[in-house]
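In: Pasting the sequence and the predicted coordinates here, then a few questions.
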Amino acid sequence: MELSRKIMSIKPSATLVVTAKAKELKDAGKDVVAFAAGEPDFDTPENIKQAAIKAINDGFTKYTAGAGIIELRQAICDKLKKENNVEYSPSQIIVSNGAKHSLANVFMAVLNDGDEVIIPAPFWLSYAAMVTIAGGKPVIVYTKAENGFMLTREELERAKTDKTKVIVLTSPNNPTGMIASLKDLQTVADFAVENDLIVISDEIYEHLIYNSSKKHISIATLGKAIYDRTVIVNGVSKSYAMTGWRIGYAACPAEIAKCVNSLQSHTASNPNSIAQKAALEALTGPQESVEYMRGQFQKRCDYIFEREEAIPLISALKPDGAFYLFINIDKTIGKKYNGQAITDGASFATLLIENKLTAVVPCADFGMPNYIRLSYAISLDDIKKGMDRIEEFVKELK
């Protein structure tokens, strides 16, 4: 029996593998600190939970429109106009089962076999897998720390071929926490317009910004030409602590929205009806919880970066947003822990969890094998404990 070669070529998510390992050790009674999962540790706000309960009690448990209920799509349009200064009609909004589902839908809708997608590294590892599943070819562009891990015109020129179709953007970025400036976005916008390319802009972390000199900008605001070729992907998972509710959305040019809607109608019917009502409340209800969570993440960001800076042999850029610290471990390569050599981020992570019960994500699958990612979407007490262990581990290297 021969199974799909495309699917068989895809590796399991490194993030989920590390999370599973940490859970296994915890279940065995070990005192594990896990800097792995990319989800807020806060509970979903009460008003949002009550909206879901009301939906159940009201019997709102049937199929909905494939693209999502009109009230939610209108609320998304209102949000995009108010917060992002970009206008869409409800027909351009497709609500899906999480932003990941939205991204997969969009790749499927716009790519033909062999189309190339420029993905700047470091990148969220699922982008490349989604492109492959859709029949496309990921083209990884290795950005530089000195440029804030942002794409330059020269890098785009070198990556482009006659098969290039799409550029992927993520700001604030996973795993770096960097935010694209207006200049960074204009570079991509100009290149995309000049070369008739589509931009897929993942903006899921937009509310989690800690650098007062930085702000989130949607690339679609930089003129009609780039608006007409941009797909904005977002959702409620990160800003409202709703990862398990699985509601994301894509704001698309009309022809792309039509394709995505057709695809989703055949693959998922519609997003979860109850979660749609919860998401509607998230977008239209009180927003104090968003700022509270952002403030708590900022405290953690400041603390974890200060701790990292005091540890020898490792380095990082201070995150502007999201909830990750992206650490370069180059200077530990070749050193040993109890006779076992560190050869890359994966071996660093393995030795760390085995000897210090601290889980971090190795970043080879993010395009950077000599980096690790720490999520600070965990309690400050756990961050303190974990950073103590990492410092101890690094200082014990020979």
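Out: Ah, there it is.

In: what's the domain layout of this protein?
Out: With automatic domain parsing as the criterion, the domains of the chain are listed as 5-43+289-395, 62-284.

In: mind listing the helices for the protein?
Out: For the chain, the helices defined by DSSP state H occupy 5-8, 14-27, 46-57, 70-84, 99-110, 126-133, 153-159, 182-194, 224-227, 254-267, 273-284, 288-309, 345-356, 380-395.

In: Now the weakest link among the ones you listed, please, by mean pLDDT.
Out: When the helices of the chain are compared by mean pLDDT, helix 14-27 comes last with a mean of 80.

In: Reformat the helices of the chain as TSV; add distance to residue 140 and mean neighbour count.
Out: Yep, even glycine has a C-beta here, placed from its N, CA and C like the rest. Rendered in TSV, the data for those read as follows (distance: least, C-beta to C-beta, whole Å; neighbours: other C-beta atoms under 10 Å):
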stretch	distance to residue 140	mean neighbour count
helix 5-8	18	9
helix 14-27	16	17
helix 46-57	37	16
helix 70-84	28	18
helix 99-110	15	24
helix 126-133	7	21
helix 153-159	9	14
helix 182-194	16	18
helix 224-227	23	16
helix 254-267	24	17
helix 273-284	33	23
helix 288-309	26	17
helix 345-356	16	20
helix 380-395	28	17
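
In: related to what we said a few turns ago, of the domains of the chain, which is nearest residue 52?
Out: Of all the domains of the chain, the one in closest proximity to residue 52, counting by C-beta to C-beta, is domain 62-284 (4.2 Å).

In: Ends of the closest one, what's the gap?
Out: As for domain 62-284, its first-to-last residue distance stands at 23 Å under the measure C-alpha to C-alpha, to the nearest Å.

In: In the chain, which residue is most central in space?
Out: Residue closest to the average C-alpha location in the chain (C-alpha atoms, centre = their mean): residue 174, at 4.9 Å.

In: didn't that residue look like it was pressed against residue 322?
Out: Yes. Counting by C-beta atoms under 8 Å, residue 174 sits close enough to residue 322 to count as a contact (5.6 Å).

In: any shared contact partners between those two?
Out: Residues touching both residue 174 and residue 322 (C-beta atoms under 8 Å, 6 or more residues apart in numbering): residue 205.

In: on that earlier part again, okay if I get the domains of the chain as CSV plus distance to residue 56?
Out: Supplementary listing: the domains of the chain in CSV, determined by distance: least, C-beta to C-beta, whole Å:
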stretch, distance to residue 56
domain 5-43+289-395, 18
domain 62-284, 6
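
In: ok, for residue 49, nearest residue in space, not its chain neighbours?
Out: Of all residues not flanking residue 49 in the chain, residue 278 sits nearest, at 7.3 Å (C-beta to C-beta, 6 or more residues apart in numbering).

In: give the contact list for the one you found.
Out: Residue 278 sits next to 44, 48-49, 51-52, 55, 236, 242, 245, 247 when contact means C-beta under 8 Å, 6+ apart.

In: still on that earlier bit, of the helices of the chain, which is nearest residue 118?
Out: Taking C-beta to C-beta as the criterion, residue 118 comes closest to helix 153-159 out of the helices of the chain, the separation being 5.1 Å.

In: The closest one packs against which elements?
Out: In this structure, helix 153-159 makes packing contacts with strand 116-121, strand 137-142, helix 182-194, judged by 3 or more C-beta pairs under 8 Å, 6 or more residues apart in numbering; DSSP states H and E.

In: 7 Å instead, please
Out: Counting contacts by 3 or more C-beta pairs under 7 Å, 6 or more residues apart in numbering; DSSP states H and E, helix 153-159 is packed against strand 137-142, helix 182-194.

In: Would you mark the buried spots in stretch 142-152?
Out: 143, 145, 148-152 (16 or more other C-beta atoms under 10 Å).

In: The closest residue to residue 390 other than its chain neighbours: what's it in contact with?
Out: Ranked by C-beta to C-beta, 6+ apart and with sequence neighbours excluded, the top spatial neighbour of residue 390 is residue 358, at 6.1 Å. Applying C-beta atoms under 7 Å, 6 or more residues apart in numbering, one finds that residue 358 lies in contact with 33, 352, 386, 389-390.

In: Of those, which is the nearest to residue 82?
Out: Comparing these against residue 82 with C-beta to C-beta places residue 386 closest, at 38.0 Å.

In: Would you confirm that that closest one contacts residue 32?
Out: No. With contact taken as C-beta atoms under 7 Å, residue 386 and residue 32 are classed as non-touching, separated by 9.3 Å.

In: tell me the contacts of the spatially closest residue to residue 380 that is not a sequence neighbour?
Out: Nearest-residue entry for residue 380: residue 300, 5.8 Å, with adjacent residues in sequence omitted and distances by C-beta to C-beta, 6+ apart. Listed by C-beta under 7 Å, 6+ apart, the contact partners of residue 300 are 376, 380, 383.

In: any idea how far residue 300 is from residue 247?
Out: From residue 300 across to residue 247, the span is 25 Å (C-beta to C-beta, to the nearest Å).

In: residue contacts, the residue lying closest to residue 163 once chain neighbours are set aside?
Out: Of all residues not flanking residue 163 in the chain, residue 116 sits nearest, at 4.5 Å (C-beta to C-beta, 6+ apart). Applying C-beta under 7 Å, 6+ apart, we find residue 116 in contact with 136-137, 139, 161, 163-165.

In: ok, of these, which come out buried?
Out: In terms of neighbour count (16+ other C-beta under 10 Å), the buried residues within the contacts of residue 116 are 136-137, 139, 164-165.
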